[in-house]
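A.B. asks: here is my input, please return the structure:
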Amino acid sequence: MRTRTSLEGIEGRSRRVSFFSVMSWHRALAILCAELAFGAALANADVVLVEQRRVLTTFAMIDIQGGEDPFCSEQRQSTEQGVYDDTEECLVEHEGSQAYGTASQLSYVTPQMLLAEGSMHAEAEVVAPIEFAEGFGSSEYEVVFYVDEPTEAHFQASLFGEGDGVANLVFRVRNGTTLIYRSLRNGSENIDQEFLLEPGNYLLHFQINGFGQAIGGQGSFPANASFSGSLLFPGAASAPDRLADAAANAPRALPNPMRDRTRILPAAGRGEISIVDLAGRVIRRYRSVGAAGIVWDARDENGRLVAPGIYLASGGAGPAARIVLLR
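C.D. replies: Down below sits the predicted model:
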């Protein structure tokens, strides 16, 4: 049994993850945000953070008739200010059968913007005599903020759900009018809207979850879901320029998420690229990479397929790109 760490729940059953190209852009922003004094900055801003909650939940189990079921359950949650960047994993195995669930999230708040992205993936496989196994992943982000005068806001988001994966979004006046509501399964949607927010409290909530199941004689049914979103306020005009400069130092992976292979382009047009897991281990290293990049085939230095999950593509001292590997 192998586990890895994180947050709190969601309702609804689900089945596979896709991520969006804003990943490396958001990671560049996270590095900049980490250098800000969040408390002091927000206290002096027109847009004030009231509260926020980040939750990751995973579990995995294999149903063994007449025996003890292998089971893993992990959850972590945070209400702290600052950058939140975490991943949770659960994996159980028994005589060729396995169940796996993973969830991740990157989220942060500055006086100019709110940004968040998350993904989940769950899958299972069974080998006779095992008849049932399932994994689960969930990523949830909720933030409440206050504006003290009429404030223009630009909201952009991408939602994805596949298999039994579900993506939910709510943006509303706290205890009041709903401005945006979406609940998505088996599809994707991009949202781009502008608002004039009247003084008061507002709530933004993203939630994704899914069960990946395997049933003897019927097959495997994986689940994936992801979200990414930003809410920009006046005065943030200079922030995207600074973030674009930082993001230019990060490699790019296409496609992302990947299944069998992805092309990774170096940030500076050439250099070294390292594939690193979330424990900091170098899985694969490519030296003297040209402008055309390299194709990573989801294998380590010894040619072995690596486990599904989240990996980082690093070009050196600059920001890394996050790669989601599916099966």
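
A.B. asks: and Leu305, how far from Cys90?
C.D. replies: 20 Å (C-beta to C-beta, to the nearest Å). In short, each C-beta sits where N, CA and C put it, glycine included.

A.B. asks: among the two, which residue is more densely surrounded?
C.D. replies: Cys90 (27 against 12; other C-beta atoms under 10 Å).

A.B. asks: now the most centrally placed residue in the chain: which helix or strand?
C.D. replies: Nearest to the mean C-alpha position of the chain, by C-alpha atoms, centre = their mean, lies Gly118 at 2.4 Å. Secondary structure from DSSP states H and E places Gly118 in strand 113-125.

A.B. asks: that strand packs against which elements?
C.D. replies: Helices and strands touching strand 113-125, by 3 or more C-beta pairs under 8 Å, 6 or more residues apart in numbering; DSSP states H and E, are helix 23-33, strand 97-109, strand 132-147, strand 200-215, strand 219-221, strand 223-232.

A.B. asks: the helix or strand containing Arg322 - what's its average pLDDT?
C.D. replies: Arg322 belongs to strand 321-325 when assigned by DSSP H and E. Averaged over strand 321-325, pLDDT sits at 80.

A.B. asks: what's the angle from that strand to strand 113-125?
C.D. replies: 30 degrees (axes from the mean of the first three to the mean of the last three C-alpha atoms, to 10 degrees).

A.B. asks: tilt between strand 321-325 and strand 97-109?
C.D. replies: Going by the same axes, to 10 degrees, strand 321-325 is angled at 150 degrees with respect to strand 97-109.

A.B. asks: report the helix or strand with the lowest average pLDDT across this protein.
C.D. replies: strand 2-4 (a mean of 31; mean pLDDT, DSSP states H and E).

A.B. asks: list the contacts of the residue nearest to the centre of the chain.
C.D. replies: 103-107, 139-141, 206, 208, 226-228 (C-beta atoms under 8 Å, 6 or more residues apart in numbering).

A.B. asks: show me which of those are buried.
C.D. replies: The neighbour count (16 or more other C-beta atoms under 10 Å) marks 103-107, 139-141, 206, 208, 226-228 as buried among these.

A.B. asks: as JSON lines, those with pLDDT and distance to Leu278 would be great.
C.D. replies: Compiled in JSON lines, these are given as follows (pLDDT from 0 to 100; distance: C-beta to C-beta, whole Å):
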{"residue": "Ala103", "pLDDT": "93", "distance to Leu278": "12"}
{"residue": "Ser104", "pLDDT": "91", "distance to Leu278": "9"}
{"residue": "Gln105", "pLDDT": "90", "distance to Leu278": "13"}
{"residue": "Leu106", "pLDDT": "87", "distance to Leu278": "13"}
{"residue": "Ser107", "pLDDT": "88", "distance to Leu278": "17"}
{"residue": "Ser139", "pLDDT": "96", "distance to Leu278": "15"}
{"residue": "Glu140", "pLDDT": "97", "distance to Leu278": "20"}
{"residue": "Tyr141", "pLDDT": "96", "distance to Leu278": "19"}
{"residue": "Phe206", "pLDDT": "97", "distance to Leu278": "21"}
{"residue": "Ile208", "pLDDT": "96", "distance to Leu278": "19"}
{"residue": "Ser226", "pLDDT": "90", "distance to Leu278": "17"}
{"residue": "Phe227", "pLDDT": "90", "distance to Leu278": "20"}
{"residue": "Ser228", "pLDDT": "87", "distance to Leu278": "19"}
